[in-house]
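> Next come a sequence and a model predicted from it.
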Amino acid sequence: MYIYPDNLKAKAKLWLWELRDVAVIGAGLLLSVLALSHGAGMLLLVLTVLCAFLSIRMEGASILDFLDFLRCAVCFLFLHQQY
């Protein structure tokens with residue numbers, strides 16, 4: 001028996017994100033700051049913040065999971081022919 005959650009089977013988390021999400025957000029912020037310092041505008045920073053907001057995990061689910069479910073449902077119901 002381990003003290004770590006779910007007997008060492010849980011995914012590593014940092015605050016409200018999984019570690020993979022934290023790495024993507026960190027790389028996005030670094031690129032955003034570099035683009036902002038070169039005068040490329042704030043679009044990349046806004047996209048990074050939006051990605052960070054959508055990837056927040058509460059009780060094992062995030063908004064991105066719901067959006068992926070909606071994409072699959074639309075493909076199943078409307079875009080692909082069913083046999």
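Arrived safely. Numbers count the residues shown, from 1 in each chain.

> Check the offset of the lowest-mean-pLDDT helix or strand in the chain from the chain's centre.
The helix or strand of the chain with the lowest confidence, counting by mean pLDDT, DSSP states H and E, is strand 13-14 at a mean of 78. On the basis of Cα atoms, centre = their mean, to the nearest Å, strand 13-14 sits 13 Å off its chain's mean C-alpha point.

> neighbouring contacts of that strand?
Strand 13-14 has contacts (Cβ atoms under 8 Å, 6 or more residues apart in numbering) with 19, 22, 57. For glycine as for every other residue, the C-beta is placed from the backbone atoms N, C-alpha and C.

> between the residues you listed, which is closest to K11?
For the contacts of strand 13-14, the minimum distance to K11 (Cβ to Cβ) is 7.7 Å, reached by L19.

> The closest residue to that closest one other than its chain neighbours and E59, how far apart?
Distances taken as Cβ to Cβ, 6 or more residues apart in numbering put A12 closest to L19, at 4.7 Å, once the chain neighbours are dropped. Here the criterion is Cβ to Cβ, to the nearest Å. By it, A12 lies 17 Å from E59.

> Then L45?
Per Cβ to Cβ, L45 is found 29 Å from E59.

> okay, those two: which has more neighbours?
Higher neighbour count among L45 and E59: L45, with 17 against 5, using other Cβ atoms under 10 Å.

> Spit out the contact partners of the more buried one.
By Cβ under 8 Å, 6+ apart, the contact set of L45 is 29, 32-33, 35-36.

> What distance do you get for it to S32?
Applying Cβ to Cβ, the value for L45 to S32 is 4 Å.

> What separation do you get for the most centrally placed residue in the chain and W15?
Centroid check for the chain by Cα atoms, centre = their mean gives S55 as the closest residue, at 3.4 Å. For S55, the distance to W15 under the criterion Cβ to Cβ works out to 12 Å.

> Give the buried residues for the longest helix seen in the chain.
In terms of residue count, the longest helix belonging to the chain (DSSP state H) is helix 19-37. For helix 19-37, burial by neighbour count (16 or more other Cβ atoms under 10 Å) applies to 21-22, 24-25, 28, 32.
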